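Asker: the following block contains a protein sequence and its predicted model.
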Amino acid sequence: MSYVFIAMTILLTVYGQITLKWQVGLNPGATIDGLNPRAIITLLLNPWVISAFAAAFGASLCWMAAISRMPLSKAYPFTALSFPLVAVLTVLLFRESFDSHKIAGTALIILGVIVLSRSGA
């Protein structure tokens, strides 16, 4: 069951990141560097952004459930899987680049998770 909670943590985290990227992209004035208070408030009241924050909260609850059932040193490396998932989804959804450096880095992350998941704990 702990792996289900880890998977939910990852999926909710990825959902939140993709949703925030999508909504911030639709509201370019709502960034900290632009500091347009009206745009930021509008963004914070956006139902999609609220759902991303709720997903982050849900991910935290799932994470607490996961680490209560499994050693942190064994569970934590799996959270790195959010990086490759976000990278692939941003290529598909936002047409971001995925060059050889990103491919190599993603492969290293996945390899690292595989190696760490095989360690005893």
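Answerer: Done, it's in. Just so you know, these numbers come straight off a predicted model, no measurement behind them. Numbers count the residues shown, from 1 in each chain.
Asker: can you give me the offset of the lowest-mean-pLDDT helix or strand in the chain from its chain's centre?
Answerer: Least confident helix or strand, the chain: helix 37-44 with a mean of 84, by mean pLDDT, DSSP states H and E. Chain-centre distance of helix 37-44: 22 Å, with CA atoms, centre = their mean, to the nearest Å.
Asker: which positions in it come out as buried?
Answerer: Burial within helix 37-44, assessed by neighbour count using 16 or more other CB atoms under 10 Å, is assigned to Ala39, Ile40, Leu43. To be clear about C-beta, it is placed using only N, CA and C from the backbone, and glycine gets the same treatment.
Asker: can you check stretch 58-75 too?
Answerer: For stretch 58-75, by 16+ other CB under 10 Å, it's Gly58, Ala59, Cys62, Trp63, Ala65, Ala66, Ile67, Met70, Lys74, Ala75.
Asker: endpoints of it, how far apart?
Answerer: Start-to-end span of stretch 58-75 (CA to CA, to the nearest Å) is 17 Å.
Asker: list the contacts of that stretch.
Answerer: 1-3, 5-6, 8-10, 12-13, 16, 79, 116-117, 119, 121 (CB atoms under 8 Å, 6 or more residues apart in numbering).
Asker: re earlier: can you name the next helix or strand after the least confident helix or strand of the chain?
Answerer: With elements assigned by DSSP states H and E, the helix or strand that comes after helix 37-44 is helix 47-67.
Asker: what is the orientation angle of that following helix with helix 37-44?
Answerer: Going by axes from the mean of the first three to the mean of the last three CA atoms, to 10 degrees, helix 47-67 is angled at 50 degrees with respect to helix 37-44.
Asker: state the mean pLDDT of the next helix or strand after helix 47-67.
Answerer: With elements assigned by DSSP H and E, the helix or strand that comes after helix 47-67 is helix 72-75. Mean pLDDT, computed over helix 72-75, is 88.
Asker: may I see the buried residues of the very next helix or strand once past helix 72-75?
Answerer: Downstream of helix 72-75, the first helix or strand assigned by DSSP H and E is helix 82-94. Across helix 82-94, burial judged by 16+ other CB under 10 Å covers Ser82, Phe83, Pro84, Leu85, Val86, Ala87, Leu89, Thr90.
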